[in-house]
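Q: give me the fold of what follows.
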Amino acid sequence: MIVWSLFAVGAVYVWATVPLMAASAVLATLARFQPRPSRETRTLDWMLIASVAAAAAQLVPLSPALRAAVSPHAEAISSAIRLGPPDPAAWQPLSLAPGSTEYSIALVLTALVVFWAARRSCSRGLALQIARYVAIAGMFAALSAFAFRAGGDRSLIYGRWHALDAGAHPFGPFVNRNHFATWLLLACPLAAGYVAATLRPRRLTTSAAARLVDAFEWLGTGAGWVGIAGIVMILALVASTSRSGLVALTFSVAGSVWLARRRITRRAGLFGLFALLAVGAAVGAYVGVTPVLSRVDETLRIGAGARPRIWQETLRIIRDFPLTGTGLGGYQTAMLVYQQTGWPVFINQAHNQYLHLFAEGGFLVGIPVALAVAAFIRLFCDRLAQDTSSSAWLRIGAGAAICAVALQGFWETGLRIPANGLLFAAAAAVAVHRPPR
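A: Residues are numbered from 1 along each chain as shown. Just a heads-up that it's a prediction; the model follows:
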């Protein structure tokens, strides 16, 4: 599912998401999830279920009086969208776009099934395999990005198809380079965690020839291939010139160091520093610093660009729908009325993951989501403190990946893309899975 969503244009179109939903239904049937979660994960699982239930409540038809009391502006906005007077006796749901809400809930349920299934698989000792497959798939996706970037029109997906979205900046298999950066931000720390978890002490030798032989032997191992995949993905992330991605990548490195502060020996620290310098040299040699410096100069000149205006428009929606939101997937529908800036470009996302979620979910969805996040952080800290095996490095990599995407969420809404949502679910499962006995 993760690989399909990656190469199927990020699964942003219905033709790519329908197979994912069907596969999740089959997976849920085969996995036979326990109706009662374990004691450690009970709070997290129930809050995730409560979040979905809250979103589903936006689809429940309400009487006109009750709907007006809970969401006073819903009827006026619905009438403006329909370009017609309201039916005073019709029962209507809270969502401004019920069809989009149903579709969004189906996507969320698909990600939750992946999370629960991956968590169970990791508990059975398959965490390394998941990280390895993700890294190899990411390497091929990054190589395809380089190939199509060098061989033709950069405005085409896979060098062949035009994106349906106006003003899109395709990169690799994704319609938007910032969204591909989100996927890479999740995959790169997982690859680094895999390498750290599988490293074994090498025999001590002073012979340069013996060290060279050891290096070539390591390149032939699974850890060697995953390490190469990680470097290729970092090159692709830098080549995408996604400013939010580059900032979040730096933050993920700092976050992984902080999470591993009690486990890093002096020798491991020196080795990690040498690896970072080597990767930086490879990035500078292949990608070059000119595109990155150009994006930095653009940031200094125009700042956040149009994002402050988009955030202001989004805040107007939040002020009118603080309790129940517009309904999951209802942001674009609401923006048909709320957008006041120039119409050459339609605002279809808030460019802020948190504002976007609150605009669509309000306190109704936002509260259980916040409680689920708190439960996840607590569970992750407990799991990391208890894990004394080498797989703790993979857990640290997953935690750093989640932190990176959380930071990027202040500028982008990358987790709305199904491919990113599924990989995020897998990374979360790696981060909080029960260590195999």
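
Q: and T182, what helix or strand is that in?
A: helix 177-198 (DSSP states H and E).

Q: doesn't E102 belong to a strand?
A: No: counting by DSSP: H, G, I helix; E, B strand; the rest coil, E102 is not part of a strand but helix.

Q: from V14, how far off is it?
A: 12 Å (CB to CB, to the nearest Å). Quick note: C-beta positions are derived from backbone N, CA and C, even for glycine.

Q: can you check W161 too?
A: Distance from W161 to V14, by CB to CB: 16 Å.

Q: which of E102 and V14 has more residues huddled nearby?
A: The neighbour comparison of E102 against V14 (other CB atoms under 10 Å) goes to E102, with 18 against 9.

Q: endpoint to endpoint, stretch 4-19 covers what distance?
A: Start-to-end span of stretch 4-19 (CA to CA, to the nearest Å) is 9 Å.

Q: do the same with stretch 319-326
A: 11 Å.

Q: would you mind listing the buried residues in it?
A: By neighbour count with 16 or more other CB atoms under 10 Å, stretch 319-326 contains the buried residues D320, F321, T324, G325, T326.

Q: now do that stretch, average pLDDT.
A: Across stretch 319-326, pLDDT averages out at 94.

Q: hmm, who's touching that stretch?
A: 58, 70-74, 77, 94-97, 317, 333-334, 358-366 (CB atoms under 8 Å, 6 or more residues apart in numbering).

Q: could you find the closest non-adjacent residue to L62?
A: Of all residues not flanking L62 in the chain, W91 sits nearest, at 6.1 Å (CB to CB, 6 or more residues apart in numbering).

Q: which strands and helices sit next to the helix holding T182?
A: On a contact count with 3 or more CB pairs under 8 Å, 6 or more residues apart in numbering; DSSP states H and E, helix 177-198 meets helix 127-151, helix 222-239, helix 243-259, helix 392-408, helix 418-432.

Q: can I get it in PDB, CA atoms only?
A: The C-alpha coordinates for helix 177-198 follow below in PDB (Å, rounded to 0.1, in the frame of the first residue of the first chain):
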ATOM      1  CA  ARG A 177       7.500  19.200  -4.600                       C
ATOM      2  CA  ASN A 178       6.700  20.200  -1.100                       C
ATOM      3  CA  HIS A 179       4.500  17.100  -0.700                       C
ATOM      4  CA  PHE A 180       7.300  14.800  -2.000                       C
ATOM      5  CA  ALA A 181       9.500  16.500   0.500                       C
ATOM      6  CA  THR A 182       7.100  15.400   3.200                       C
ATOM      7  CA  TRP A 183       7.400  11.800   2.100                       C
ATOM      8  CA  LEU A 184      11.200  12.000   2.000                       C
ATOM      9  CA  LEU A 185      11.300  13.700   5.500                       C
ATOM     10  CA  LEU A 186       9.500  10.600   6.800                       C
ATOM     11  CA  ALA A 187      11.700   8.100   4.900                       C
ATOM     12  CA  CYS A 188      15.200   9.500   5.400                       C
ATOM     13  CA  PRO A 189      15.200   9.300   9.300                       C
ATOM     14  CA  LEU A 190      13.800   5.800   9.100                       C
ATOM     15  CA  ALA A 191      16.700   4.800   6.800                       C
ATOM     16  CA  ALA A 192      19.200   6.400   9.200                       C
ATOM     17  CA  GLY A 193      17.600   4.500  12.100                       C
ATOM     18  CA  TYR A 194      17.800   1.300  10.200                       C
ATOM     19  CA  VAL A 195      21.500   1.700   9.500                       C
ATOM     20  CA  ALA A 196      22.200   2.600  13.100                       C
ATOM     21  CA  ALA A 197      20.200  -0.300  14.400                       C
ATOM     22  CA  THR A 198      22.000  -2.800  12.200                       C
END
